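*Asks:* here's a sequence, model it:
(one chain, ligands or ions: 1)
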Amino acid sequence: SPPGRLKKTVVMVGMMGAGKTAVGRALAARLDVPFLDSDAEIEVAANRTIPEIFANEGEAFFRDKESRVIARLLQRPQHGVLSTGGGAFLSATNRQMISLYGVSVWLQADLEVLWNRVRHRDTRPLLRTADPRATLAALYDSRVPLYAKADLAVNSDGQAAIEDMVDRVLAAL
Ligand code: S3P
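*Replies:* Here you go, the predicted structure:
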């Protein structure tokens, strides 16, 4: 069958551990549109992992790359589903670009759910602190008001299967 058509790119935003990549990938498959992931694209463009970029070039460098990658991915001729890193939607410039070319979907989850999803992974440089749980809580509190600016909010709770979350996003779109 021919690939699906979307009027706008669906942009997944929200905290680390919310499920942006897993739900975004499944949503793209369901819609038969391309799936794009800004973190993965940054890693390919920089030829190194995100922890390496943070360690070698610093967060400001990463944020600059992130904005450029998101701008490029949003302007592809065929719209798809774009997963962004947890910090991408904090920048007013990024939010403006995203609202121009896309519809933003905040995947919401409780702090406890997020913590349980990220606590065993060592891939998030922002959580390499003495007290990663407290760090996550502080990020959560400061970011929620900005994620709330997304066009849609969909709950991504602890137990729901990915397909259920895809159904919720589709129902909200
Ligand atoms: C970040 C989240 C990460 C990645 C980077 C910074 C953040 O993406 O972009 O480590 O600021 O929350 P995920 O949300 O996919 O973990």
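
*Asks:* what residues does the protein put near the ligand?
*Replies:* Within the chain, the residues that sit near the ligand (CB under 6 Å from any ligand atom) are M16, K20, D39, I50, G85, G86, G87, R124, P125, L126. (Each C-beta comes from the backbone N, C-alpha and C, glycine too.)

*Asks:* can you pull the buried residues of the least confident helix or strand in the chain by mean pLDDT?
*Replies:* Here the helix or strand of the chain ranked lowest by mean pLDDT, DSSP states H and E is helix 162-172, holding a mean of 89. The neighbour-count check on helix 162-172 (16 or more other CB atoms under 10 Å) flags M165, V166, R168, V169 as buried.

*Asks:* what's near enough to touch the second one?
*Replies:* V166 sits next to V23, A26, L27, R30 when contact means CB atoms under 8 Å, 6 or more residues apart in numbering.

*Asks:* how far off centre is stretch 96-103?
*Replies:* Offset of stretch 96-103 from its chain centre (CA atoms, centre = their mean, to the nearest Å): 14 Å.

*Asks:* now what about it, what contacts it?
*Replies:* 8-11, 13, 67, 70-71, 74-75, 79, 82, 84, 89, 104, 151-152, 173.

*Asks:* the residues you listed in helices, which ones?
*Replies:* When DSSP state H defines the helices, the subset of the contacts of stretch 96-103 inside them is S67, I70, A71, L74.

*Asks:* buried only: go through these for me.
*Replies:* By 16+ other CB under 10 Å, these give S67, I70, L74 as buried.

*Asks:* how about the residues you listed in JSON lines, adding pLDDT and distance to A130?
*Replies:* Shown next, in JSON lines, are those (pLDDT from 0 to 100; distance: CB to CB, whole Å):
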{"residue": "S67", "pLDDT": "98", "distance to A130": "30"}
{"residue": "I70", "pLDDT": "98", "distance to A130": "31"}
{"residue": "L74", "pLDDT": "97", "distance to A130": "37"}
